[in-house]
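Asks: structure for the following, please:
(2 chains)
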Number of protein chains: 2
Amino acid sequence: MAQVRGKRPPHGEPVLDKAFALLRAFTPDRAELNLTELSARTGIPLSTTRRLAVRLVALGALEHTADGRYAIGVGLWEIASLAPRGLGLRASALPYMEDLYEVTHQHVLLAVPDDAEAVLVERISGRTAVDVLYHVGGRLPLRATGVGLVLLANAESETQEGVLAQVSGAERIGLRRRLASARREGAVVFRPGPPWPVVSVAAPIHGAGGSVVAALSVIVPEPTRQNPRNLVAAVRLAARRISRDMQS
Amino acid sequence: MAQVRGKRPPHGEPVLDKAFALLRAFTPDRAELNLTELSARTGIPLSTTRRLAVRLVALGALEHTADGRYAIGVGLWEIASLAPRGLGLRASALPYMEDLYEVTHQHVLLAVPDDAEAVLVERISGRTAVDVLYHVGGRLPLRATGVGLVLLANAESETQEGVLAQVSGAERIGLRRRLASARREGAVVFRPGPPWPVVSVAAPIHGAGGSVVAALSVIVPEPTRQNPRNLVAAVRLAARRISRDMQS
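Replies: Residues are numbered from 1 along each chain as shown, chains lettered A, B, ... in the order given. Below is the predicted model:
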C-alpha cells in the first residue's frame, strides 16, 4: 500500500507499530537483544530503534540487562498481569491446578484460545516430570495437544474448518471424530504418539454465558500409574470448579 | 514544558506515551473499561483514545470483552512472558516454590525489585490459606513485607536511604537494625503485626555475579504449626537452589 509522506497512513500508527515490532522481536531463546540485533530483526533503522528503545525503557516495557543489552521489562509484566484471560483466569484456576498437581506430580496446563492457536497461560510442572515443549506465554497448536483439541472442539465452525483444511483424507476424518467425541464427552484423552510417551487428559472451562473460555489438562507419562478414567474425572471436576468460581 | 506544534517534542514519543497511558489505565479492580472511561482516566481525547484502542486491539495489547468494553489482551501477556525478571525467573523458581508450598500449604511469594518497590512475580496460595493482599503483577512496599525487606537490605544505599527517610525516630532505627540483620542472617523473619496474624520468612535469590535479583518467602498464620527456625532453613535452601539453577 502506498504511503503519502507526511500524512498519517490510512491504517496503523507507525510509531506504535514499530514499538510493538521491537517488543515482538524477543523470543524464548533470544530473550536479550542488543540494538543492532533489534534493528536487524525488525528492519527498523538503527537510529529509530535506539530512540524507541530509550522510550520503551522509560515506560518500563524494556529494561537493560547487566551486559548492556535489552530485555522485556517488568513494567510490561505488570500491565500484562491485568489481562483477564491471563492472570485473571489463572488466579481462579491455580488452587485447583495445585490440587491436580499434588495427585500427579507431572504437568498441569491451562490454555486460552487466540486466533487458530492456544496460548499457554499457566503450567505447573514437577522437577522430575517428563519433558514437555510448551512454556507459559507460548503458543500451542490446536490439533496436536489435549488443551488445543478441547478448545478447537468448542471453537466457531469457521476456526474448526480452517484447522480441518490443514489436514486431509483419513487424518481429517479422524480429527472430526475426535472433535465430536470431545464435545460429547466433555473431555479429551490425547496421545501424541512417538517420540512423546505421554497422555494428555483435558477438559473445558466455561465462562459466564456458558461459552468455553479456556482448557485445563494434565500430562502424565505412559504407561502411567494413574487410571486414565480417574484422571478424566479429576480434570473434569477441577475444570467445573474453576468455571463455577469464575462465574461467581 | 512548552511543546512546539508540529515538531517532535524533546522528550517522549507522544503516540507511544499515550498508548502506554491507556494500557496503564487498567487496574486490578478496573480490569475492563469502555472508551469513555479510558479517555477520562488518561485525559486523552475520546477520538484519539478510540483510534489508539483500535490499533492496540490489532496489536493484541487490548481485546474486546463480551460486553463491548476493553481489557488487556493475551497478546501483551505473550510478550511480557519473555521478561527475564518475570516468567524467566519464575520458571527457575516454580519447582522449588512447589516444594515449599507442599510443606506449608499457605503462601509462597517471589518478588523482584523495581525502583523503590517490589513487584510480585509469583504467588502460590492454598485455597484455605490466610488472606494476603498482594496479587501477581502487583507492587509491594519494601519496608513492610518479608520479600521487600530482603530486597531493601541488598539494594543500593541510595534506595535504602530513600526508604529510611520515609520513617523517623525509633522506627528508622528499628528498620536499620532489621536491614543489618537481614544481611547478616541471609534471611528475614517479619511479623507485620495486627490486624495480620501472620509471619513471613524470606530469603534472597542471587543472580550471576552474586547480586540479589529477587526474594522468596513463605507466609504462614501465627501461631504456626511449623517451627520458624525450620522455615528459615527451608526458605534459604530453596532460594539457594533457585540461585544455583539460574546461574547454570
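Asks: what packs against the lengthiest helix in chain A?
Replies: Ranked by number of residues, the top helix in chain A under DSSP state H is helix A:228-247. Where contact means 3 or more CB pairs under 8 Å, 6 or more residues apart in numbering or on different chains; DSSP states H and E, helix A:228-247 is packed against helix A:89-104, strand A:198-206, strand A:212-221. Backbone N, C-alpha and C define where each C-beta goes, glycine included.
Asks: now these as TSV including distance to residue B:33, mean neighbour count and mean pLDDT?
Replies: Shown next, in TSV, are those (distance: least, CB to CB, whole Å; neighbours: other CB atoms under 10 Å in any protein chain shown; pLDDT from 0 to 100):
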stretch	distance to residue B:33	mean neighbour count	mean pLDDT
helix A:89-104	18	20	85
strand A:198-206	24	24	94
strand A:212-221	20	25	93
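Asks: wait, which of those is closest to chain B?
Replies: Closest approach to chain B among these is made by helix A:89-104 (4.2 Å; CB to the nearest CB).
Asks: and the angle for the closest one with helix B:89-104?
Replies: Angle, helix A:89-104 to helix B:89-104, by axes from the mean of the first three to the mean of the last three CA atoms, to 10 degrees: 60 degrees.
Asks: pLDDT weak spots in chain A?
Replies: A:1-12, A:87, A:127-133, A:248 (pLDDT under 70).
Asks: just the CA trace of the longest helix of chain A, in PDB.
Replies: Extracted as PDB, the C-alpha positions of helix A:228-247 are listed here (Å, rounded to 0.1, in the frame of the first residue of the first chain):
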ATOM      1  CA  PRO A 228      -6.900 -42.600  32.800                       C
ATOM      2  CA  ARG A 229     -10.600 -42.900  33.800                       C
ATOM      3  CA  ASN A 230      -9.800 -41.400  37.200                       C
ATOM      4  CA  LEU A 231      -7.700 -38.700  35.600                       C
ATOM      5  CA  VAL A 232     -10.600 -37.700  33.300                       C
ATOM      6  CA  ALA A 233     -12.900 -37.500  36.300                       C
ATOM      7  CA  ALA A 234     -10.300 -35.400  38.300                       C
ATOM      8  CA  VAL A 235      -9.600 -33.000  35.400                       C
ATOM      9  CA  ARG A 236     -13.400 -32.500  34.600                       C
ATOM     10  CA  LEU A 237     -14.100 -31.900  38.200                       C
ATOM     11  CA  ALA A 238     -11.300 -29.300  38.500                       C
ATOM     12  CA  ALA A 239     -12.400 -27.600  35.300                       C
ATOM     13  CA  ARG A 240     -16.000 -27.500  36.500                       C
ATOM     14  CA  ARG A 241     -15.000 -25.900  39.800                       C
ATOM     15  CA  ILE A 242     -12.900 -23.300  38.100                       C
ATOM     16  CA  SER A 243     -15.800 -22.500  35.800                       C
ATOM     17  CA  ARG A 244     -18.100 -22.100  38.800                       C
ATOM     18  CA  ASP A 245     -15.600 -19.900  40.600                       C
ATOM     19  CA  MET A 246     -15.100 -17.600  37.600                       C
ATOM     20  CA  GLN A 247     -18.900 -17.100  37.200                       C
END
